[in-house]
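Trainee: A predicted structure for the sequence below; I have some questions about it.
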Amino acid sequence: MKDNCNNVFGICAHYGFSSLLKIYQEMGCQSRDSRPLHLAVANNHSEITKTLIDTEASLVNAVDFEGRTALHVASFYGHIDIVRMLLNRGANVDAVTSTSRSTPLHLATLSGHTEVVGTLLNAGADPKLTMNLRWETPFHPALRNDNVERVLCFLHADQYLPESAISTECLSGPDQDANPFVAVLCGIEGFGRETSDGWTALHLAAAFQHAMIAEHLISHGANVGVKTTNGTTPLELAQKYDHSSVKVFLAPGKL
């Protein structure tokens, strides 16, 4: 009976059959398996997510075979309403997966979901807390994201601005010269911390042509001469990819 219930719940969660799920619950079907909840979250079925958590509150922090909670899943896919629901139901905002050692904030920044990033930070997520298996804090994957300025503009001096204070300009992505953010890399202690490959935030800014972030990092004391494990400096990365806008801040005269 238990396996049958898990299978039925899984199908309902995947396809969004909320009414059918409730019928089976009324028939006595129960499940403490995390898979139906994670399927509902991944497919953005908020009603089924709510039903499953209402029925079994412990599911909110239940993990799958990789140690992911429902909040990890919702953060990765950017399902903001479900993120808020899970947080309101007591989801652990700093939960760490067992495989990649990632928090929900890691996954939200990696996927570029700025509203989720803000919601997690407002809920108390610690951007300095956990480093994944690549020795990365959440701001490292943020630097690889095409929307990095939008992700980082929410952060100022290690404090997340309340949602009411977020400007439309910030959300829409202003010109670099007008961007009001102080990069999270400058606002968080340890922005010079290296990944397992010896890459610092400045290496990433140079490689991905984030000139303004490079300027902020340098102005806050980033070591422009630091080398990766294979001996590469940020300037050499900027030269390799012909990022002239970054090279100007890394030139020998700036050392």
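Mentor: All right, it came through fine.

Trainee: which ones are touching the nearest residue in space to residue 95 that is not next to it in sequence?
Mentor: Leaving out its chain neighbours, the residue that sits closest to residue 95 by Cβ to Cβ, 6 or more residues apart in numbering is residue 69, at 4.8 Å. In short, each C-beta sits where N, CA and C put it, glycine included. Shown in contact with residue 69 (Cβ atoms under 8 Å, 6 or more residues apart in numbering): 60-63, 91-92, 95, 104.

Trainee: ranking by neighbours, what's the top pick from these?
Mentor: residue 104 (33 neighbours; other Cβ atoms under 10 Å).

Trainee: Three-state assignment for the closest residue to it other than its chain neighbours, please.
Mentor: Closest residue to residue 104 apart from its sequence neighbours, by Cβ to Cβ, 6+ apart: residue 75 at 3.9 Å. What DSSP: H, G, I helix; E, B strand; the rest coil gives for residue 75 is helix.

Trainee: I'd guessed residue 75 sits against residue 118; true?
Mentor: No: Residue 75 is not in contact with residue 118 according to Cβ atoms under 8 Å; the separation is 11.6 Å.

Trainee: quick one: which of these two has more around it?
Mentor: Neighbours were counted for residue 75 and for residue 118 using other Cβ under 10 Å; residue 75 has more, 34 against 23.

Trainee: and residue 221, which of the three is it?
Mentor: Going by three-state DSSP: residue 221 is coil.

Trainee: okay, it and residue 200: tell me how far apart.
Mentor: To residue 200, residue 221 is 12 Å away according to Cβ to Cβ, to the nearest Å.
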